[in-house]
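Asker: predicted model, plus sequence, below.
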Amino acid sequence: YRRVFFYFYIMKNQIDRTLIFIYSLVQFVNTYNSISDPINIQFVYLSTVTLATSLYLILNGETLLNWRTLAIGGILYQTLFILLAIISVSNAFNKTESFVALSRYLQLFLFFFNINILFKRCEFKLKDLSLIFIFLVLGDLALFIPNLFVSYDFNTPPIGTRNLMGFAANQNIFAFSILTRLYIIIYLYLTTPKKSLFYSSIVVLSLSVYMILTTGSRGGLLALLLTFSILFLLIILFSKKNLKRMIVISFVFLGTFISHELINVNHSENNIQNITSFTLEGRSSTNERLQWYGDAINGIKDKPLFGHGIGNWKILAEKYAGDYIQNYRVPYHAHNDFLHLSAEIGLLGGLAYLLFFIYFLVQCFKKIKNNNDKIEPILIGLAVTVFLIDSLINFPRARAISMANIFLIGGLLTYPKFSLIFRNHIVCL
């Protein structure tokens, strides 16, 4: 009987880990068409995996929703967000768009539930996630490096070209996706005793920074500089045993940066100029974002309680942007997820969405305060911080790759608090 039990335990464990891995592969779902946007098909992929995973968990005796799990802070805020999104449909100009958007948020809600249950069932750890993220970065490199050699021209260095933006085909998605994963991979670099993993992680981290630099994403570059500086400071304060390796990787990153600038010396604007240029003059992207933020704020003022309806901002944005809109270019997104969602479902809904991610940071602070090993919550917290920065200047909530990254990371913080109902008894955690 012990052998039979052990066999089924191992088989269940492997199935759970396989499902987590399948979730993470969303970036590889692509139309491979230089014109079309892969976002919709990636959400279809997540929806299919979520449905299959939900059926698997139910057949294995798991109850996906119960009052204990709904009482968890992160899940509570997500539940509140969904309820307010449903209420906002009554204000929607186009209710069909609202139902489409709502179905996507419900799918993501269930995705996060499934991840928490799978993590608990197979006792998933940060090291496991770092290995998955290394695989995903290697996938990006497999697409990036051949295109780099094919496209490279010393006279016109290919910073910001579409075919050097990985599977995301967007410079901001690609840069922030790589940066979010970078801090999880740094955990493996700082903690592994194996030389093979140590040196492999150095190579992967260096090439990750090179890809971020190549995108030319100013937000990604500034986020890298800010969060890495914070990491160095936190290591000095809370984890001095990792300081030596931290110094080593700092010099590796510096060498990567210098090498990139020397290779791209002929580019019209190098990354140093890109980082240090904070003036609004000549920065069309900055000026546009400020206009979009103002439009969203005006939309919030008009309907602060329940908003204009989930999924409807891309329709109503034309009303607020009419004074400066050009060539039928409608700002579908406010380029700030918290303002965008506040305009769609009200201030309370936008706050609930923000608190969902703030909850992750609070859990990290608690772990830093109470745990002897502080490097894990520090790195998870920095990965969440990268996502929050992305949310302030872009729209990762509409990107399947970005949401998969943050849910996989956030699940590490919330799954120990889950109460799982098995066939005949409850295990309270």
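Answerer: Nice, thanks for sending it over.

Asker: contacts and neighbour counts: CA atoms only from here.
Answerer: Fine.

Asker: secondary structure element for the closest residue to Phe21 other than its chain neighbours?
Answerer: Nearest non-adjacent residue to Phe21, counting by C-alpha to C-alpha, 6 or more residues apart in numbering: Ile132, 7.0 Å away. Assigning secondary structure by DSSP states H and E places Ile132 in helix 126-151.

Asker: measure the residue lying closest to Phe28 once chain neighbours are set aside to Lys241 for me?
Answerer: Nearest residue to Phe28, sequence neighbours excluded (C-alpha to C-alpha, 6+ apart): Phe167, at 6.5 Å. Computed as C-alpha to C-alpha, to the nearest Å, the Phe167 to Lys241 distance reads 37 Å.

Asker: which one of those two is surrounded by more residues?
Answerer: Shown here are Phe167 and Lys241; by other C-alpha atoms under 10 Å, Phe167 has more neighbours (24 against 12).

Asker: neighbours of Asn94, how many?
Answerer: Neighbours around Asn94, by other C-alpha under 10 Å: 17.

Asker: so who does it touch?
Answerer: Asn312 (C-alpha atoms under 8 Å, 6 or more residues apart in numbering).

Asker: report the contact partners of the nearest residue to Ile184 once chain neighbours are set aside.
Answerer: Spatial nearest neighbour of Ile184, excluding adjacent residues (C-alpha to C-alpha, 6+ apart): Ser130 at 5.3 Å. The contact partners of Ser130, by C-alpha under 8 Å, 6+ apart, come to Arg181, Ile184, Ile185, Tyr187, Leu188.

Asker: sorry, back to before: thought the residue nearest to Phe28 was touching Ile39?
Answerer: No - contact between Phe167 and Ile39 fails when scored by C-alpha atoms under 8 Å: they sit 10.7 Å apart.

Asker: returning to what we had before: what is the mean pLDDT for the helix holding Ile132?
Answerer: In this model, helix 126-151 has an average pLDDT of 89.

Asker: how about stretch 208-227?
Answerer: Stretch 208-227 comes out at a mean pLDDT of 91.

Asker: just the buried positions in stretch 202-216, please.
Answerer: 202, 204-216 (16 or more other C-alpha atoms under 10 Å).

Asker: in three-state terms, label Pro193 for me.
Answerer: Assigned state for Pro193: coil (three-state reduction, DSSP: H, G, I helix; E, B strand; the rest coil).

Asker: now it: phi and psi?
Answerer: Main-chain torsions, Pro193, degrees, to the nearest 10: phi -90, psi -10.

Asker: residues near it, how many?
Answerer: Around Pro193 there are 10 residues (other C-alpha under 10 Å).

Asker: and the gap between it and Phe135?
Answerer: On the measure of C-alpha to C-alpha, Pro193 and Phe135 end up 20 Å apart.

Asker: also Asp128?
Answerer: Asp128 is 11 Å from Phe135, by C-alpha to C-alpha.

Asker: how about the helices in the stretch 301-429 of the chain?
Answerer: Ranges of helices within the stretch 301-429 of the chain are 313-320, 337-345, 347-370, 375-393, 400-414, based on DSSP state H, counting those that start in this stretch.

Asker: out of the ones you listed, which one sits most buried?
Answerer: helix 337-345 (a mean of 29; mean count of other C-alpha atoms under 10 Å).

Asker: could you give the separation of that one from the chain centroid?
Answerer: Mean-position distance between helix 337-345 and its chain equals 18 Å (C-alpha atoms, centre = their mean, to the nearest Å).

Asker: and the helices of the stretch 301-429 of the chain: which comes nearest Leu102?
Answerer: Set against Leu102 and scored by C-alpha to C-alpha, the helices of the stretch 301-429 of the chain come closest in helix 337-345, at 11.1 Å.
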